[in-house]
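Trainee: okay, predicted coordinates and the sequence, questions at the end:
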Amino acid sequence: MPESAEEMYARVVGLLGEGGRPPLPPTASWRTFPFEGEMLVRPLEQPVAAEPERHGADPAECWCTADPDRGAIWRDTTWRVAAPPAPTGLPLQLFLTPREHLDVTEMEAGLASSFGVMTSRLVRVMSALPHVGRVHFSQWGDGSTHLHVWFFARTARVRQTMGTFAAVWDDLLPPVPDDVWRADLRTVAAGLAAHGGTALV
Ligand SMILES: [Zn+2]
């Protein structure tokens, strides 16, 4: 029996009370948890009537129509790897996107197979950077309809940035120096181009 959003909300409010706050999770005591001091969890908000529309629901309004190579460091006929406009707190944050406008639920088997190849290749190339300890990847897709998979490289031996909070540390830490970042982008682009496609930086 599925649980609707209203039933889920009612269950939570039934347990915590109206406006009640969930307790801090066990992860709050982890070394990797980025925050300390007195903290409150937000009360759960009521469900909205419908899923919010995502950017690019109309492909004509997607970034891939207006500026398809925005931030791209490498591309081939099927895929594009792009960087944000400026460095972030972790050594690298990259996006893997298909050149065609589609979401993860719309990949046919051939593209899905190619997605696996590209994912492992990008992780391998980013992991080969000497200062990188691990590469994580994730897909949320609540903001944009055009599939974009996030890849985060974390610095080796910095234990606090290990694990699931790496993406939060990426937001929190001061950005890496611009010249270091650009050199890493060039190395990754060249590493991908060694298997095909074109480096764009
Ligand atoms: Zn698109």
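Mentor: Happy to help now that I have it. Numbers count the residues shown, from 1 in each chain.

Trainee: centroid-nearest residue for this structure?
Mentor: Taking C-alpha atoms, centre = their mean, the centroid of the chain lies closest to residue 150, which sits 2.9 Å from it.

Trainee: residues contacting that residue?
Mentor: Under the criterion of C-beta atoms under 8 Å, 6 or more residues apart in numbering, the neighbours of residue 150 are 93-95, 137-140, 167. Yep, even glycine has a C-beta here, placed from its N, CA and C like the rest.

Trainee: of those residues, closest to the ion?
Mentor: Using C-beta to the ion, residue 95 comes nearest to the ion of these, at 12.3 Å.

Trainee: I'd assumed that closest one was in a strand, is it?
Mentor: Yes. With DSSP: H, G, I helix; E, B strand; the rest coil as the criterion, residue 95 is located in a strand.

Trainee: enumerate the positions of the helix-or-strand element of the chain with minimal mean pLDDT that are buried.
Mentor: Ranked by mean pLDDT, DSSP states H and E, the weakest helix or strand in the chain is helix 63-66, scoring a mean of 92. Neighbour-count burial for helix 63-66 flags 63-64 (criterion: 16 or more other C-beta atoms under 10 Å).

Trainee: just stretch 90-106 next, same as before
Mentor: Taking 16+ other C-beta under 10 Å as the neighbour-count basis, stretch 90-106 is seen to contain the buried residues 90-99, 101-103.

Trainee: widest-spaced pair of the contacts of residue 150?
Mentor: 94 and 140 (15.1 Å; C-beta to C-beta).

Trainee: how far away is the residue nearest to the centre of the chain from residue 140?
Mentor: Counting by C-beta to C-beta, to the nearest Å, the gap between residue 150 and residue 140 amounts to 8 Å.

Trainee: backbone dihedrals for residue 100, please?
Mentor: Dihedral angles phi and psi of residue 100 (degrees, to the nearest 10) take the values phi -80, psi 140.

Trainee: for residue 75, same thing?
Mentor: The phi and psi values for residue 75, taken as degrees, to the nearest 10, are phi -160, psi 160.
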